[in-house]
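Trainee: Dropping the sequence and predicted coords here.
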Amino acid sequence: MRAAVVRAASALTPTVTRYWLDGAPGAEPLPAAVPGQHVTLRVGPRLKTFTLLSAGAEGYELAVRNRHRGDQADRLSPRLHVGAPLRVSAPGGRFTAESAAPFTHFLAAGVGINPVLAVLAGGRLRDWQLVYVDRGAREFPFLGRLRELAREQNGGIVTLDTAAAGRPDWAEVVAGTPAGAVIGVCGPAAMVAQVREAVAGAPEARTLVNDGAADGGCEDVAPSVEVECAKTGITFETAQHQPLLDALHRNGVPVPSSCRQGICGTCEVEVRTGRIDHRDEVLTDQEKAESSYMIPCVSKSIGTRLVLNV
């Protein structure tokens, strides 16, 4: 992770703040990135992953939701202020401004709108539809910019305030998309799961994209696995019912992590030897078939031996 500093900050909504990050004085520049990729920030002892709104010579721009607005119960956001030092991971993710997916529909909740905005701002799409869900009429960051893009690209936007109308029936929303729709979804894991279930059960075919991900098939896993860590030289055995990420940390292997739900990609590691039961929402179908990488917070080894490039 590289040293960085918060250069500027401004409120977007009552609970969302936009930040601009630069490389720390005297440190290496921040890595090149594409809007829509995500980075993990280490602020004090806390790690968390966010989507980049823009990235260039001027640094990184991102938006952070802080529901506590300075309450000490929030261990990250009170530490993010102008001049605050932090560390930033290399960028990752595939739901970006350079995405080649022919999206026709987007479903986004909360700051899940950030990668959708990046894709739309890339200017490759026309005639799209967006269902944008948030809680509170004063929320919905970037709605003005999204409406500008809709006018330019013949898009359409429906906003749903869950504080006033409750959560949407995602099966009903999916049913309202036409056969052949290519749906990009970004939001909480429960929402993504409901949308995926609705797409799978729809009578007419639709394509779902969530950071380039789709569910992989699950196979029976061995009760325990020997894990060799090629870079650190550490080898250990761990029970499969325990998260592999926890076993790596317990044995002193420094793998960064954030969501621990298989949706952010922060803990992605390279697999040198082994077959994987992929349970994440990050890797593509092809990547899962190749098993060259895995997300150890949720995925497991199918065999009894695994070699990781960590």
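Mentor: Thanks, I have the structure now. Model, not experiment: these values are computed from the prediction.
Trainee: Alpha carbons only: can I get the lengthiest helix in the chain in PDB?
Mentor: Counting by DSSP state H, the longest helix found in the chain is helix 189-201. Provided in PDB are the C-alpha atoms of helix 189-201 (Å, rounded to 0.1, in the frame of the first residue of the first chain):
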ATOM      1  CA  ALA A 189     -24.800  -8.100  -0.900                       C
ATOM      2  CA  ALA A 190     -28.500  -8.900   0.000                       C
ATOM      3  CA  MET A 191     -29.700  -6.800  -2.900                       C
ATOM      4  CA  VAL A 192     -27.300  -8.300  -5.400                       C
ATOM      5  CA  ALA A 193     -28.400 -11.800  -4.200                       C
ATOM      6  CA  GLN A 194     -32.000 -11.000  -4.700                       C
ATOM      7  CA  VAL A 195     -31.400  -9.600  -8.200                       C
ATOM      8  CA  ARG A 196     -29.300 -12.600  -9.200                       C
ATOM      9  CA  GLU A 197     -32.100 -14.900  -8.000                       C
ATOM     10  CA  ALA A 198     -34.700 -13.000  -9.900                       C
ATOM     11  CA  VAL A 199     -32.600 -13.000 -13.100                       C
ATOM     12  CA  ALA A 200     -32.000 -16.800 -12.800                       C
ATOM     13  CA  GLY A 201     -35.700 -17.400 -12.300                       C
END
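Trainee: From the contact counts, what lies against the very next helix or strand once past it?
Mentor: Using DSSP states H and E, the helix or strand that follows helix 189-201 in sequence is strand 207-209. Applying 3 or more Cβ pairs under 8 Å, 6 or more residues apart in numbering; DSSP states H and E, we find strand 207-209 packed against strand 182-186, helix 189-201. Bear in mind the C-beta positions are built from the backbone N, C-alpha and C, glycine included.
Trainee: show me where pLDDT drops low in the chain?
Mentor: Applying pLDDT under 70 to the chain picks out residues 45-47, 67-78, 94, 189, 211-223, 241, 285-286.
Trainee: tell me, what residue is most central in it?
Mentor: When Cα atoms, centre = their mean is applied to the chain, the residue found nearest the centroid is Cys264 (3.8 Å).
Trainee: distance of it from Cys297?
Mentor: In this view, Cys264 and Cys297 are 9 Å apart by Cβ to Cβ, to the nearest Å.
Trainee: cool, and Glu226?
Mentor: 20 Å.
Trainee: what about those two, which has more around it?
Mentor: Each of Glu226 and Cys297 has its neighbours counted (other Cβ atoms under 10 Å); Cys297 has more, 25 against 16.
Trainee: ok, that one - contacts?
Mentor: Pro243, Leu244, Leu245, Ser257, Cys259, Arg260, Gln261, Gly262, Cys267, Asp280 (Cβ atoms under 8 Å, 6 or more residues apart in numbering).
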